[in-house]
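Engineer: got a predicted model here, sequence first, then my questions.
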Amino acid sequence: MNESFRIRAEMKELYTLDDIDLNFRRMLSEKVGGESLLNCIQCGICSSGCTVSEYVDMQPHRMIASCLLGLKNLVLKSNAVWICSLCNKCTERCPKHVEYSFLLAILRNLSVEQGIIPEGYIPILRNINNTGFAIPLSGASVDRRREKMGIPAMPSPNTEQIKKLIQLTGIDNLLETEEKKEDE
């Protein structure tokens, strides 16, 4: 491969052909919702309406371009994968019906498979694994307030089913890896 061929990405870094995963675009386009990726014409309408564009390191149209180019590592390490609020404004405005929200769901799953997840999500995953709730409830005070308002007590989640889902998605491996890092 010609080493002189370089791609300038939005993050203002240079990428060589060695950074390109030639199977990435095909793999994404074969997943449900990912097939629309190939429709993108880079018009930028998705990015112009993005509610979180000022907070992400890669706007939606740049994310799509990076996926099409096969810049897998750049895409999976982008904070845009996790910061997107999934409001679907980009998808609604797209003249070519690119399903950006579906694509982000795929990219989030791939990120987790690769062990790439923001640190702030680890405690949430632990809570879900241990209690079934993303945000820990303060126990007796919640129960007292619910009882005072005539609301039934919170049902206990089936943590065994939740743990099974965590195991099926591979998140349990990620949690184990994080625990090992903390122990070192």
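Structural biologist: Received it, and whenever you're ready, just let me know what you need.
Engineer: care to break the protein down by domain?
Structural biologist: 7-113, 121-183 (automatic domain parsing).
Engineer: buried deepest among these, which one?
Structural biologist: Burial of the domains of the chain is given as mean neighbour count (mean count of other C-beta atoms under 10 Å); domain 7-113 ranks first at a mean of 18. Every residue, glycine included, has its C-beta placed from N, CA and C.
Engineer: just how off-centre is it within its chain?
Structural biologist: Chain-centre distance of domain 7-113: 11 Å, with C-alpha atoms, centre = their mean, to the nearest Å.
Engineer: what's near enough to touch Cys84?
Structural biologist: The contact partners of Cys84, taken as C-beta atoms under 8 Å, 6 or more residues apart in numbering, are Val52, Val56, Ser101, Leu104.
Engineer: recalculate using a threshold of 10 Å.
Structural biologist: When the contact criterion is C-beta atoms under 10 Å, 6 or more residues apart in numbering, the partners of Cys84 are 50-53, 55-56, 60, 63, 78, 90, 100-101, 103-105, 107-108.
Engineer: let's see which of those residues end up in helices.
Structural biologist: Members of the contacts of Cys84 lying in helices (criterion: DSSP state H): Pro60, Met63, Cys90, Tyr100, Ser101, Leu103, Leu104, Ala105, Leu107, Arg108.
Engineer: separation between the closest residue to the fourth one other than its chain neighbours and Cys46?
Structural biologist: Think Tyr100. Among residues not flanking Tyr100 along the chain, Cys90 sits closest, at 4.6 Å (C-beta to C-beta, 6 or more residues apart in numbering). Applying C-beta to C-beta, to the nearest Å, one obtains 4 Å for the distance of Cys90 from Cys46.
Engineer: overlap of the contact sets of these two?
Structural biologist: With C-beta under 10 Å, 6+ apart as the test, Cys90 and Cys46 both reach Ser53, Gln59, Pro60, His61, Met63, Ile64, Val98, Tyr100.
Engineer: quick one: contacts for the residue most central in space within the chain?
Structural biologist: In the chain, the centroid-proximal residue (C-alpha atoms, centre = their mean) is Arg108; its distance is 2.8 Å. By C-beta under 10 Å, 6+ apart, the residues touching Arg108 are Leu76, Val81, Trp82, Cys84, Leu86, Ile116, Ile117, Tyr121.
Engineer: list just the nearest of those to Glu30.
Structural biologist: The closest of the contacts of Arg108 to Glu30 turns out to be Leu76 (C-beta to C-beta; 17.2 Å).
Engineer: which strand or helix spans the nearest residue to that closest one once chain neighbours are set aside?
Structural biologist: Excluding the flanking residues, the one nearest Leu76 by C-beta to C-beta, 6+ apart is Ser111, at 4.8 Å. Secondary structure assigned from DSSP states H and E places Ser111 in helix 100-113.
Engineer: thank you, goodbye.
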